[in-house]
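Undergrad: Output the structure for:
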Amino acid sequence: MERTILVYEKDRDVVKFLKSFFEERKHYSVHFVKKSGQSLEKEIVLKKPDVLIVSSPDGLGELQPSEIPCPIIAIISKDETKGIHSAIKSDVECYLIRPFFKEELDHKLKTLIDKSSLIESLYRDRKDLEALLELTNLASSTLNPKEVLYLIVKKISEILKVTRCSMISINAEDERYAQVLSTFEDPSLTNIRLDLKKYPEIRNALSRRKPVIIKDAQKDPLMKEVKEIIAPLGIRSIIVIPIFFREEVIGTMLLRTSRAHHAFTKREIQLCVALANASSHALYNAFLFQKLYREKAKLEKLAITDYLTGIYNIRYFYSRLEEEFSRAERYQLPLSCIMLDIDHFKKINDSYGHRIGDFILREFAQVVKRYTRKSDLLARYGGEEFIVLLPQTSLKGALIEARRLQKVVREIRFRQLREGQGITVSFGISAFPDKEIKNPDDLINSADNALYQAKEKGRDLIVSHASL
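TA: The predicted structure follows:
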């Protein structure tokens, strides 16, 4: 590894000696500074030298050694007593009195650089241990698991200076996909579904159960299939660390960086593995939390869904009806209701059997759902009867919607029925405000009465309560 040396020396003989010395040693990058003051300070900031070589007492007297961020070698060539006194007073790491051998300077440089490297390594180790301790405490905290994961990825991103850090959970139900549980870019970005076809590095880490390290994403053969996709993102280096819980892979830690000059170092890779291990409990807790959340959502959906058709059930419809009617009354808004009944459905059951009848109901419900406005609420009322609630819709608007649905239903062709045989539907409509509609039950009963009249008058008709 090439080391940078900065030299501030005015004595021509010393400069000549140093140039000869460094010409023989190609592992040093040497820069000679001719002016002092701001020019020297600027060079120190710019070059970030591993060692500064400066004359004493002349050059050393122009500096504030305590503010220099690197070791200093003072070279004493004129007034020996004054030079030594200046070096000791300035508390520089070491000094050399001319004349001296090249081997002496060699030894001093190596000693100082090794010492600096050791101190730097110890400092990094301490920071790494502090980070591990912090992450371990976070992982065992009682905070919301998703919040914990965000704090973890945020901390890792700060330590490793990466472009992206994400915690990814494996989808046990479908191995083709995974989920991003947390990413440091945005704490609100959770439960993002990943198609693993686009992430060969994650697939590889999961199948091999070992870290995947990619130094250059544009050149690594593993990334060939997605090279064109990631090129605009500027991604260069990638690390994927599988995360284990009780010997089972439960997810991965994905880190990406756009560093142009170097990939992840050995120390960073070791730290990543340690951080991933420290995060395993947090990821597992988040995984359980997510699973419980999904199960809860599934149960909640089942509670409001009709088992046969997949649309809302009447129980949920009534709960929403109460809310919408109350809102319509309070703010003087229109509210309409459409009841639909499949004509002669009993004949379908008798001719084709209940299994085909159930299929017709499912297909019919999904078609009506597709053509119902998002603001409207469709539910199965019972048997072959369905009901639609239309918030902020007048009787005129409800009639328009009913005619549109009537046209759609007439055009449905069920492959289970004989060629040319379709279905028709009778519609009953009620609308609030109306002097006879004082509560939610009145709205339903009025639509039901209108539907009855549509059936009595020949079916495949639209009848409104207002016309009775």
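Undergrad: Which stretches in this protein count as helices?
TA: Assigned by DSSP state H, the chain shows helices spanning 12-23, 38-47, 58-61, 80-89, 102-139, 145-160, 200-208, 227-230, 266-304, 314-331, 345-352, 354-371, 395-411, 440-456.
Undergrad: mean pLDDT lowest for which of those?
TA: Among those, helix 58-61 has the lowest mean pLDDT, at a mean of 72.
Undergrad: from the chain's centre, how far out does that helix sit?
TA: 55 Å (Cα atoms, centre = their mean, to the nearest Å).
Undergrad: ok, back up a step: residue 189: which of the helices of the chain is closest?
TA: Closest to residue 189 of those, according to Cβ to Cβ: helix 145-160, at 9.3 Å. For the C-beta atoms, the positions are set from N, CA and C on the backbone; glycine is no exception.
Undergrad: Just the buried residues of that closest one, please?
TA: Along helix 145-160, these residues count as buried under the neighbour rule (16 or more other Cβ atoms under 10 Å): 145-146, 148-157, 159-160.
Undergrad: With stretch 94-110 instead?
TA: Quick answer for stretch 94-110 (16+ other Cβ under 10 Å): 94, 95, 96, 105, 108, 109.
Undergrad: Wait, the fifth one touches residue 94, no?
TA: In this case it means residue 108. Yes - under the criterion of Cβ atoms under 8 Å, residue 108 makes contact with residue 94 at 5.3 Å.
Undergrad: Look up how far residue 76 lies from residue 109.
TA: Per Cβ to Cβ, to the nearest Å, residue 109 is found 17 Å from residue 76.
Undergrad: sorry, back to before: what sits in contact with each of residue 108 and residue 94?
TA: When contacts are counted by Cβ atoms under 8 Å, 6 or more residues apart in numbering, residue 108 and residue 94 are jointly contacted by residue 73.
Undergrad: Run through the residues that contact the closest residue to residue 96 other than its chain neighbours.
TA: Nearest-residue entry for residue 96: residue 75, 5.4 Å, with adjacent residues in sequence omitted and distances by Cβ to Cβ, 6 or more residues apart in numbering. Contact partners of residue 75, counting by Cβ under 8 Å, 6+ apart, are 9, 14, 53, 54, 55, 56, 95, 96, 98.
Undergrad: now do 6 Å
TA: 14, 55, 96 (Cβ atoms under 6 Å, 6 or more residues apart in numbering).
Undergrad: go on, residue 340?
TA: So residue 340 contacts 386, 425, 427 (Cβ under 6 Å, 6+ apart).
Undergrad: so can I have TSV of those showing distance to residue 258?
TA: Shown next, in TSV, are those (distance: Cβ to Cβ, whole Å):
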residue	distance to residue 258
386	55
425	59
427	60
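Undergrad: Could you tell me which of those residues belong to strands?
TA: 386, 425, 427 (DSSP state E).
Undergrad: Would you confirm that residue 428 contacts residue 341?
TA: No - using Cβ atoms under 6 Å, residue 428 makes no contact with residue 341, being 8.0 Å away.
Undergrad: So which of those two has more stuff around it?
TA: It is residue 428, of residue 428 and residue 341, that has more neighbours when counted by other Cβ atoms under 10 Å, with 28 against 21.
Undergrad: got a list of what that one touches?
TA: The contact partners of residue 428, by Cβ under 6 Å, 6+ apart, come to 339, 447, 450, 451, 454, 463.
Undergrad: Give the closest residue to it in space, chain neighbours not counted.
TA: residue 451 (2.8 Å).
Undergrad: just to revisit the earlier point, and the residue nearest to residue 96, how far is that from residue 26?
TA: From residue 75 to residue 26 the distance is 22 Å (Cβ to Cβ).
Undergrad: same question, residue 77
TA: Counting by Cβ to Cβ, the gap from residue 77 to residue 26 is 26 Å.
Undergrad: Next: residue 391.
TA: Taking Cβ to Cβ, one finds residue 391 at 80 Å from residue 26.
Undergrad: higher neighbour count, these two?
TA: residue 391 (18 against 8).
Undergrad: Confirm for me that that one is in contact with residue 324.
TA: Yes - under the criterion of Cβ under 6 Å, residue 391 makes contact with residue 324 at 5.1 Å.
Undergrad: shared neighbours, the two?
TA: residue 335.
Undergrad: Now flag whichever of the ones in strands among the contacts of residue 340 is closest to residue 399.
TA: residue 427 (9.0 Å).
Undergrad: Enumerate every residue touching residue 257.
TA: Counted by Cβ under 6 Å, 6+ apart, residue 257 has contacts 162, 163, 237.
Undergrad: Neighbours of the last one, how many?
TA: Other residues near residue 237 come to 22 when the count uses other Cβ under 10 Å.
Undergrad: Quick check: chain neighbours aside, which residue is closest to it?
TA: residue 263 (4.2 Å).
Undergrad: And for the one you found, the neighbour number?
TA: 17.
Undergrad: One more: residue 247?
TA: Considering only other Cβ under 10 Å, residue 247 is surrounded by 6 other residues.
Undergrad: okay, the residue positioned nearest the centre of the chain: pLDDT?
TA: Among the residues of the chain, the one closest to the centroid is residue 183, at 3.8 Å (Cα atoms, centre = their mean). Residue 183 is assigned 85 on the pLDDT scale.
Undergrad: Any idea what it is bridged to?
TA: Applying DSSP bridges to residue 183 gives these bridge partners: residue 166.
Undergrad: So it versus residue 165, what's the distance?
TA: 7 Å.
Undergrad: repeat for residue 444
TA: For residue 444, the distance to residue 165 - Cβ to Cβ - is 54 Å.
Undergrad: what do you get for residue 423?
TA: In terms of Cβ to Cβ, residue 423 sits 56 Å off from residue 165.
Undergrad: Fine by me, we can end here.
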